[in-house]
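Chemist: I would like the atomic coordinates for the input below:
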Amino acid sequence: MTKTALVVGASGIVGGATATLLVERGWTVHGLARRPVAQPGVAPVAADLQDAEATAAALCDVNPDAVFITTWLRQDSEAENIRVNAAMVRNLLSGLPSPTGPRHIALVTGLKHYLGPFEAYGKGTLPQTPFREEQGRLDVENFYYAQEDEVFAAAARDGFTWSVHRPHTVIGRAVGNAMNMGTTLAVYATLCRETGRPMVFPGSAAQWSGLTDMTDAGQLARHLLWATETEAAHDQAFNVVNGDVFRWQWMWGRIADWFGVEAAPFDGTVRPLEQQMADSAPTWRDIAEREKLVEADIARLASPWHSDADLGRPIEVVTDMSKSRRLGFTDYQPTDDAFFALFAQLRRERLIP
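Modeler: Here you go, the predicted structure:
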């Protein structure tokens with residue numbers, strides 16, 4: 001019998017990849033977003049999760065076997081992040097029709113579970129790396145914890161199973177996304193090629209020289225579905241990364257080569273992308289007009305603030321996947337291939353030249 005899924009945040013990087021995978025696997029898929037975009041095989045559900053009544057009304061005819069929560073809204077402070085994003089999860093789970101059979105809720109959070117919120121990102125006393133799921137919560141406010149608590153409370157009330165998924169920085173395709181390193185680097189490299197300047201690494205010496213990992217959106221989607229369909233993975237939290245590790249001093253040159261740009265030697269100085277790209281909007285509009293690109297607004301493609309937060313961290317960040325491996329999830333995705341596949345897709349779709 002065909003199973004039904006609700007993908008919350010279906011127009012985003014993770015939600016889009018998850019909806020695509022579920023359609024390929026034969027699920028009936030509903031995609032919820034404030035402004036749904038057309039996606040093959042996905043029935044759109046328009047709802048603002050901040051509005052409890054409107055959310056319940058939009059979901060009155062949706063009775064999913066699985067719900068994938070892949071969205072959040074960035075606010076000006078962590079206190080507001082907690083208030084808004086906890087309410088969104090609460091409104092969603094309260095607005096769903098009562099389950100008539102088994103239901104699973106998969107919540108996507110991330111490594112800020114271990115690193116702390118953006119206000120205290122990578123500061124203070126941090127857990128030892130590689131991060132492991134049994135490491136407890138930090139003693140700071142964090143909207144990820146608030147989202148989890150809403151899922152746990154609703155599970156106790158309604159009797160569904162759950163899983164929490166903690167990816168590292170996600171590589172994938174989306175337009176208008178608040179956290180999008182892959183497309184940000186593609187735009188930055190294109191600007192460097194246009195202006196004849198080398199690609200200058202924006203981050204810290206720790207990130208340049210230390211080990212790190214990332215998470216491809218397709219890898220995360222497969223992990224979400226695996227946890228949903230694997231009883232042993234229910235009611236647990238998991239890290240999820242590609243399975244390889246690398247140093248940015250190697251990856252930066254790989255990305256520069258793909259775009260035919262010189263990679264500048266790193267001299268230890270932090271040069272944030274937000275500064276390097278600050279006056280680039282007119283140049284991008286000119287490129288888009290000349291190359292007949294489909295998006296001329298650089299702000300819809302690039303999120304330099306988020307890439308700066310990741311690449312500027314003062315510590316090495318690697319993530320342990322042993323828990324998932326022991327339970328049978330063995331998928332692997334080389335990170336350089338994930339970047340190159342994204343760049344090729346952006347070029348095919350005329351988002352970059």
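
Chemist: quick one, helices of the stretch 51-200 of the chain?
Modeler: Secondary structure of the stretch 51-200 of the chain (DSSP state H, counting those that start in this stretch): helices located at 52-58, 78-95, 112-115, 143-158, 181-195.

Chemist: check what pLDDT the residue nearest to Glu316 when sequence neighbours are not counted gets.
Modeler: Spatial nearest neighbour of Glu316, excluding adjacent residues (Cβ to Cβ, 6 or more residues apart in numbering): Gly210 at 3.3 Å. The way it works is simple: take the backbone N, C-alpha and C, and place the C-beta from them, glycine included. Listed pLDDT for Gly210 reads 95.

Chemist: hang on, the earlier thing: among the helices of the stretch 51-200 of the chain, which gets the worst mean confidence?
Modeler: helix 112-115 (a mean of 91).

Chemist: pull the residues that contact that helix.
Modeler: 118, 121-122, 126-127, 131, 135, 137-138, 142, 144-145, 166, 313, 317 (Cβ atoms under 8 Å, 6 or more residues apart in numbering).

Chemist: residues of that helix that come out buried?
Modeler: 112-115 (16 or more other Cβ atoms under 10 Å).

Chemist: want to throw those residues into TSV with distance to Trp305?
Modeler: Listed next are these as TSV, based on distance: Cβ to Cβ, whole Å:
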residue	distance to Trp305
Lys112	14
His113	20
Tyr114	20
Leu115	16
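
Chemist: ok, so of these, who is nearest Ser77?
Modeler: Lys112 (14.6 Å; Cβ to Cβ).

Chemist: how about low-confidence regions in the stretch 151-300 of the chain?
Modeler: Counting by pLDDT under 70, the stretch 151-300 of the chain has low-confidence residues at 178.

Chemist: now do 90
Modeler: When residues are selected by pLDDT under 90, those of the stretch 151-300 of the chain lie in 174-180.

Chemist: and the strands in this structure?
Modeler: 4-8, 28-33, 42-46, 66-69, 104-108, 161-167, 170-171, 211-212, 215-216, 236-240, 246-247 (DSSP state E).

Chemist: make a markdown table out of the ones you listed and add distance to Thr335 and mean neighbour count.
Modeler: Below are the strands of the chain laid out as a markdown table (distance: least, Cβ to Cβ, whole Å; neighbours: other Cβ atoms under 10 Å):
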| stretch | distance to Thr335 | mean neighbour count |
| --- | --- | --- |
| strand 4-8 | 24 | 27 |
| strand 28-33 | 27 | 24 |
| strand 42-46 | 27 | 17 |
| strand 66-69 | 23 | 28 |
| strand 104-108 | 19 | 26 |
| strand 161-167 | 12 | 23 |
| strand 170-171 | 7 | 27 |
| strand 211-212 | 9 | 19 |
| strand 215-216 | 7 | 28 |
| strand 236-240 | 13 | 22 |
| strand 246-247 | 6 | 16 |
